[in-house]
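Participant: Fold the following for me, if possible:
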Amino acid sequence: MNKRLVKIALIVVLIPVVAVVGYMGFSSYNKFRAFQQYYVDATKVIQEIARINTDVSEENLKADMDEWNRKANEKLEAFYGKYSGSEIQAITNSVEYTQALLRDVFALRLDYTDAIEPLYSERMQDHQTIREEVEYNWRMKTLEEISRYITNYDDKLIDSVDAFRESVAGSNWSDQYREYAWQDWGRDIKPQLIKMLPDISGAESKIAKYQRFFALMYNNREFYYVNEKGEFVFSNQRYLNDCLSTINTMESSWRKYTVFNPMN
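Facilitator: Model (predicted):
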């Protein structure tokens with residue numbers, strides 16, 4: 001056979017093969033790009049949720065948290081709705097893995113609200129019981145429990161991120177997919193998730209302040225009484241002066257004091 005005809009014949013035979021291989025490669029590339037885009041979008045929705053006002057007022061702790069959850073859930077539903085029914089198995093798995101991670105973050109927010117609620121409770125803020133031993137012991141025990149919870153707060157988030165990464169590591173994805181989700185996304189997602197959580201620094205400062213205040217006022221209970229207005233009435237100016245620097249660190253509701261006999 002003519003060499004030229006042989007070459008033509010080979011080209012004719014190879015064209016479909018090259019086309020199939022090329023299509024498979026292009027399809028594989030597109031799938032991975034779609035997989036990456038899922039995680040890009042996941043980061044974006046986490047950032048959007050983080051921009052929702054995360055501060056909760058002392059007066060409406062539960063109501064403010066419920067409102068935050070409602071707004072955050074709306075954003076998540078829109079995000080997951082976009083990827084529901086994906087034909088790419090790695091994306092379907094990723095939906096499952098990230099949902100579990102974000103459920104943990106939401107649970108951590110709710111746990112935090114429950115944990116710090118006693119800090120703002122009527123019992124904690126009751127001026128009339130500040131000299132009572134039972135109430136003093138309850139206050140100090142409660143403050144210590146809240147402080148211990150906050151100390152472990154960051155560890156709980158780390159555990160959740162580790163659980164996500166373990167799910168990725170245990171998947172049947174290719175190394176390329178696992179490396180992207182486990183390393184490129186999972187390694188850097190914790191700082192983004194932290195922004196979704198309440199700022200604990202304020203509560204930490206408040207607890208330390210309350211512990212000093214309640215201890216001082218209980219230990220000096222013989223030198224003052226609390227009148228009907230909730231004022232601390234000291235027997236003389238010297239005793240008030242000894243406590244004044246600590247009292248003045250407290251909120252305005254606690255900074256109510258006078259002296260029974262100003263001449264002393």
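Participant: Tell me which residues touch residue 185, please.
Facilitator: 39, 42, 43 (C-beta atoms under 8 Å, 6 or more residues apart in numbering). Just so you know, the C-beta spots here come from the backbone N, C-alpha and C atoms, and that holds for glycine as well.
Participant: Helices along the stretch 101-250 of the chain, start to end?
Facilitator: Ranges of helices in the stretch 101-250 of the chain, per DSSP state H, counting those that start in this stretch, are 122-125, 133-151, 153-169, 175-179, 189-194, 201-219, 237-247.
Participant: how far does the third one sit from the chain's center?
Facilitator: Same thing as helix 153-169. Computed by C-alpha atoms, centre = their mean, to the nearest Å, the chain-centroid distance of helix 153-169 equals 13 Å.
Participant: just the shortest one next, same as before
Facilitator: A distance of 26 Å separates the centroid of the chain from that of helix 122-125, by C-alpha atoms, centre = their mean.
Participant: Please apply the same query to the last one.
Facilitator: The chain centroid and the centroid of helix 237-247 are separated by 39 Å, computed with C-alpha atoms, centre = their mean.
Participant: which residues are contacting that helix?
Facilitator: Contacts to helix 237-247, defined as C-beta under 8 Å, 6+ apart, come from residues 212-213, 216-217, 220, 223-224, 232, 234, 254-255, 257, 259, 262, 264.
Participant: how about 6 Å then?
Facilitator: For helix 237-247, contacts defined as C-beta atoms under 6 Å, 6 or more residues apart in numbering pick out 212, 213, 216, 223, 234, 255, 259.
Participant: Let's have the helices of the stretch 101-250 of the chain in TSV, adding mean pLDDT.
Facilitator: Listed next are the helices of the stretch 101-250 of the chain as TSV, based on pLDDT from 0 to 100:
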stretch	mean pLDDT
helix 122-125	95
helix 133-151	95
helix 153-169	92
helix 175-179	94
helix 189-194	91
helix 201-219	94
helix 237-247	95
